[in-house]
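Engineer: Any chance you can model this:
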Amino acid sequence: MKRIILASSVVLVLSALVFAQIVGEIKQRGEKPAIAIPDLRGAGDAQRFMDTFNSTLNREVDTSGQLTIRPKTTYPLRPPQQPSDFRPPVGGASQGSWLTDWSGPPVNANYLAFGYTAVQNGQMVLFGWLYDVGQQNTTAAQLIGKVYTSSLDEAGARKISEQFACDILNQFGAACLMGTKKSGP
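Structural biologist: Just a heads-up that it's a prediction; the model follows:
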């Protein structure tokens, strides 16, 4: 009788371990990619509209259901604004912002959206990039590097933010729904 109980216990424990392994693998494969989206800054008059821009970008990406946005509290203190802000590690130590600062702990992102806005010829201009931070260098990491323009007002900030979000989501096979719903806070 003791052997039957012992054998049954062993079978139950092994079954639980196999089940946990299968569930873990399914969850891991089914996880959404993680993206870091630090707040972008604006130069000159463009800065006035960055709250609208940043909240729109985060909302569009978050509500898509395609990506998980990593918490801003885990980001490095000086996020890049342009590709030249990346500095490769020297002797194993990061000299500023490098891809592994975003792909490793504490951020643990797969992708990084970054850029900045400025005013040119009375228009708001976004210089936006999306990087795959799991790559070895910035050339291989770049998925998007694009310039967007719009009017220098709240509506323009929302428009270029939605366009950037749309381009990001298109990288993951999501259809862009820009303009099919009311934008705004």
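Engineer: domain ranges for the protein?
Structural biologist: Annotated domains of the chain cover 1-31, 33-170 [automatic domain parsing].
Engineer: ends of the last one, how far apart?
Structural biologist: Put plainly, it is domain 33-170. Criterion Cα to Cα, to the nearest Å; first-to-last residue distance in domain 33-170 is 14 Å.
Engineer: Report the rounded mean pLDDT for that domain.
Structural biologist: Mean pLDDT, computed over domain 33-170, is 95.
Engineer: For the spatially closest residue to residue 33 that is not a sequence neighbour, give me its contacts.
Structural biologist: Using Cβ to Cβ, 6 or more residues apart in numbering and skipping the chain neighbours, the partner closest in space to residue 33 is residue 110 (4.5 Å). C-beta: built from backbone N, CA, C; applies to glycine. Residues in contact with residue 110 (Cβ atoms under 8 Å, 6 or more residues apart in numbering) are 33, 34, 35, 103, 132, 133, 134.
Engineer: so where do the helices sit in the chain?
Structural biologist: Per DSSP state H, the chain carries helices over the ranges 2-30, 50-64, 99-103, 138-141, 154-170.
Engineer: residues in contact with the third one?
Structural biologist: This means helix 99-103. 36, 75-76, 86, 89, 94, 107, 109-110, 112, 131, 133-138, 141.
Engineer: give me that answer again for 7 Å
Structural biologist: With Cβ atoms under 7 Å, 6 or more residues apart in numbering as the test, helix 99-103 has contacts from 36, 76, 94, 109, 112, 133, 134, 135, 141.
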